[in-house]
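[1] Provided below are the primary sequence and the corresponding predicted coordinates.
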Amino acid sequence: MHRVPGSSAGGPEVDAWDLAPIGLAVIADGKVAQMNMAGASIFDLQPAQIRGIESPFETAAYDVSDDPDTERLVTLRAGSDNFRDIAYRTCPCPGGFTVAFRDVTLDNQKERWAAAVANTAARVASEHSLAATLNAMATEVLRANGLAGVQILARADPSGPLHVMGSAGFNTPRNFFSLLMEAQKRGADLRMLKALEGREPVVEDHRYQAVMSDPAWRPLHDSLRHPVWDAFASVPIHVRDKPVGILNVFFAPGQRIDQGTIRFLSTMAEQAALAIDYAELLERERYVVRRSERQRLARDLHDSVVQKVFSLNMQTQVLKVLAERGKELSPSSVKAVTEELEDITQSVLADLRGLISELQPSPLANKGLGPALENLVDSTQRRTGIAVQLGLSSVPDDLDEGLADDVYYLTAEAIHNAVKHSGASLIRVHVGLSEASELEVFVHDNGTGLFEEKLQHSAGHGLASMRERAATWGGTLALEKAPTGPGTSVHASIPMPSSNFDETR
């Protein structure tokens, strides 16, 4: 061993082995023959305590041809309960091996935290179900920290009570919050409510024993008993300075809670807030779309059915006046009026059938997007006499329900506009996946087009509704005039959600 003289005259010599900033150990016959101070501190022991124990490092598989700079990784127990990730390199020495090692627990933890934040951010951007997003987020928090359990409580609607909308580790009952309120009535001290009201994280050590020994918590004993946990942390979730939920974290026995852990949990709470805010934004957009659809239906009723019923009334008044005159009516006069009444009646019936079809429950129920579009095309042809051709390519059978509904109604609106405004004799429809894995909708007619000013105005609400539906999923919609010849094309392009992407490759 190299010796460094003492700093003062006559002072003790210092072993350079113990001055090394990394852990060093000598392994002989599969046991630790010697370990320096830096190495022993990683195990929360003194060098004398670790000497002679079984080697925690793999040396038997060492090959002299291995790159000496290549580190191996092992997870070791340090002290009574703490586990640490150790990166190490081995080198042969007389009588055994020398091992240089370092604690990379914090580095690995930071990588897991960064990956968890990135994964949840992607979920917020791609998932259109708040429950699915928060459930995935709870799983990410659990994995990133090796926790016993995670719960995310949020409100299904802004004015309602909290519900468990994300959970991992525990078999959480649906009525968890009701049971929590029952425990509070019995006198249980709910630290999570203190976090929600105080707007700051709350951390409690050895919380498991306190909860399980308190009769007031009996309604939740079965839910919180397994897996066994120890410390507890509760982090509030805020959207625009308004409390909307809580992130509850249950730490495994022996886990240490430091400021880095709290910062990570606060970051995840911010991600949950983004997901909740995004879900509320989508709901507001859907409300706007529904309101626009109601306005369009009212406008269509007024522009078609109401006006035609008014014409029916006028024609019946003509017959009434002619009858009251007491004169004999000529067959030609009666025929002209009745033929017009017949035409108006058939037109009214066709308009009403179309409106009733749109007002029915989702046509995709128990069918899927493809069969629903086929039914739409068939019914449109029967009702209008206009030829409608449909092409489908690579449309997933398990397409997200909300996305499938929006694609269906977007397509239906485009066909409706073509029937009503274009004067077309042929409408071509194609729905399928592009090479860029985007769901595309094309509706092309051979009519006069929607680009004349009066028609552009009359179809404006329908176009706004289609654009809203596409934008809800991060897509776009364009209305294009055919480059040559008559006709108009509606083209929507919508990125596929991540939940469908892998299955469509």
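    On my side now, so go ahead. Numbers count the residues shown, from 1 in each chain.
[2] buried residues in the top strand by length along the chain, which are they?
    Determined from DSSP state E, the single longest strand within the chain is strand 82-93. Applying a neighbour-count criterion of 16 or more other CB atoms under 10 Å, the buried positions in strand 82-93 are 84-90. The C-beta positions use only the backbone N, C-alpha and C, and glycine is treated the same way.
[3] any idea how far Thr75 is from Leu247?
    From Thr75 over to Leu247 the distance is 26 Å, taken as CB to CB, to the nearest Å.
[4] pick out whichever of these two has more residues nearby.
    Leu247 (30 against 12; other CB atoms under 10 Å).
[5] what sits against the more buried one?
    141, 150-152, 234-237, 265, 268-269, 272 (CB atoms under 8 Å, 6 or more residues apart in numbering).
[6] quick check: it vs Lys110, distance?
    Distance from Leu247 to Lys110, counting by CB to CB: 19 Å.
[7] now do Gly474
    30 Å.
[8] and if you look at Pro253?
    For Pro253 relative to Lys110 (CB to CB), the value is 23 Å.
[9] then Pro219?
    In terms of CB to CB, Pro219 sits 38 Å off from Lys110.
[10] swap in Glu54?
    Distance, Glu54 to Lys110, by CB to CB: 30 Å.
[11] the more surrounded of the two?
    Shown here are Glu54 and Lys110; by other CB under 10 Å, Lys110 has more neighbours (14 against 9).
[12] nearest spatial neighbour of the more buried one, skipping sequence neighbours?
    Gly260 (7.7 Å; CB to CB, 6 or more residues apart in numbering).
[13] then Asn135?
    Gly166 (4.6 Å).
[14] element containing that neighbour, please.
    Per DSSP states H and E: Gly166 is located in strand 162-168.
[15] restricting the selection to alpha carbons, write the following helix or strand past that strand to CSV.
    Remark: after strand 162-168, the chain's next helix or strand is helix 176-185, criterion DSSP H and E. Extracted as CSV, the C-alpha positions of helix 176-185 are listed here (Å, rounded to 0.1, in the frame of the first residue of the first chain):
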residue,chain,number,x,y,z
PHE,A,176,-62.2,4.5,-1.7
PHE,A,177,-63.0,8.2,-1.2
SER,A,178,-66.3,7.3,0.5
LEU,A,179,-64.5,5.0,2.8
LEU,A,180,-61.9,7.7,3.5
MET,A,181,-64.7,10.1,4.5
GLU,A,182,-66.2,7.4,6.7
ALA,A,183,-62.8,7.1,8.4
GLN,A,184,-62.7,10.8,8.9
LYS,A,185,-66.1,10.8,10.5
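[16] alpha carbons of the strand holding Gly166, as PDB, please.
    Only the C-alpha atoms of strand 162-168 are listed here, as PDB (Å, rounded to 0.1, in the frame of the first residue of the first chain):
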ATOM      1  CA  LEU A 162     -62.700  13.300  -5.300                       C
ATOM      2  CA  HIS A 163     -62.300   9.800  -6.800                       C
ATOM      3  CA  VAL A 164     -59.400   7.500  -7.200                       C
ATOM      4  CA  MET A 165     -58.700   8.000 -10.900                       C
ATOM      5  CA  GLY A 166     -55.200   6.500 -10.900                       C
ATOM      6  CA  SER A 167     -53.800   3.600  -8.800                       C
ATOM      7  CA  ALA A 168     -50.800   1.300  -8.700                       C
END
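[17] any idea how far Asn248 is from Ser333?
    Distance of Asn248 to Ser333, given as CB to CB: 82 Å.
[18] local confidence estimate at Arg263?
    For Arg263, the pLDDT comes out at 87.
[19] also Leu190?
    pLDDT recorded at Leu190 is 90.
[20] now swap in Leu220 and tell me
    93.
[21] how about the strand or helix carrying it: buried residues?
    Here Leu220 sits within helix 218-224, counting by DSSP H and E. Judged by neighbour count (16+ other CB under 10 Å), helix 218-224 contains these buried residues: 219-220, 223-224.
[22] residues in contact with Pro215?
    Counted by CB under 8 Å, 6+ apart, Pro215 has contacts Arg186.
[23] could you report the neighbour count for the nearest residue to Ile494 once chain neighbours are set aside?
    Residue nearest to Ile494 in three dimensions, not counting chain neighbours: Gly475, with 3.3 Å by CB to CB, 6+ apart. As a burial measure, Gly475 scores 21 neighbours (other CB under 10 Å).
[24] again, but for the one 10 residues further on
    Around Gly485 sit 6 other residues, with neighbours defined as other CB under 10 Å.
[25] can you name every helix or strand that the helix ranked longest in the chain contacts?
    With secondary structure taken from DSSP state H, the chain has its longest helix at helix 259-300. In terms of contacts (3 or more CB pairs under 8 Å, 6 or more residues apart in numbering; DSSP states H and E), helix 259-300 is packed against helix 105-126, helix 130-145, strand 149-155, strand 232-239, strand 242-250, helix 331-359, helix 460-472.
[26] about what we covered before: just put the buried residues of strand 82-93 in CSV and tack on pLDDT.
    Formatted as CSV, the buried residues of strand 82-93 follow (pLDDT from 0 to 100):
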residue, pLDDT
Arg84, 81
Asp85, 84
Ile86, 88
Ala87, 89
Tyr88, 90
Arg89, 89
Thr90, 87
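[27] doesn't Ser41 fall inside a helix?
    Yes. Remark: Ser41 belongs to a helix, assigned using DSSP: H, G, I helix; E, B strand; the rest coil.
[28] where does it land on pLDDT?
    At Ser41, the pLDDT value in this model is 87.
[29] then the one 5 residues further on?
    In the prediction, the pLDDT value recorded for Gln46 is 84.
[30] correct me, but it touches Met35?
    No. With contacts defined as CB atoms under 8 Å, Gln46 does not count as touching Met35, sitting 9.6 Å away.
[31] so the two - more neighbours on which side?
    When Gln46 and Met35 are compared for neighbours, Met35 comes out ahead with 28 against 12, by other CB under 10 Å.
[32] ok, the closest residue to that one other than its chain neighbours - contacts?
    Leaving out its chain neighbours, the residue that sits closest to Met35 by CB to CB, 6+ apart is Ala25, at 4.3 Å. Neighbouring residues of Ala25 by CB under 8 Å, 6+ apart: 32-36, 39, 55, 57, 98-99, 101.
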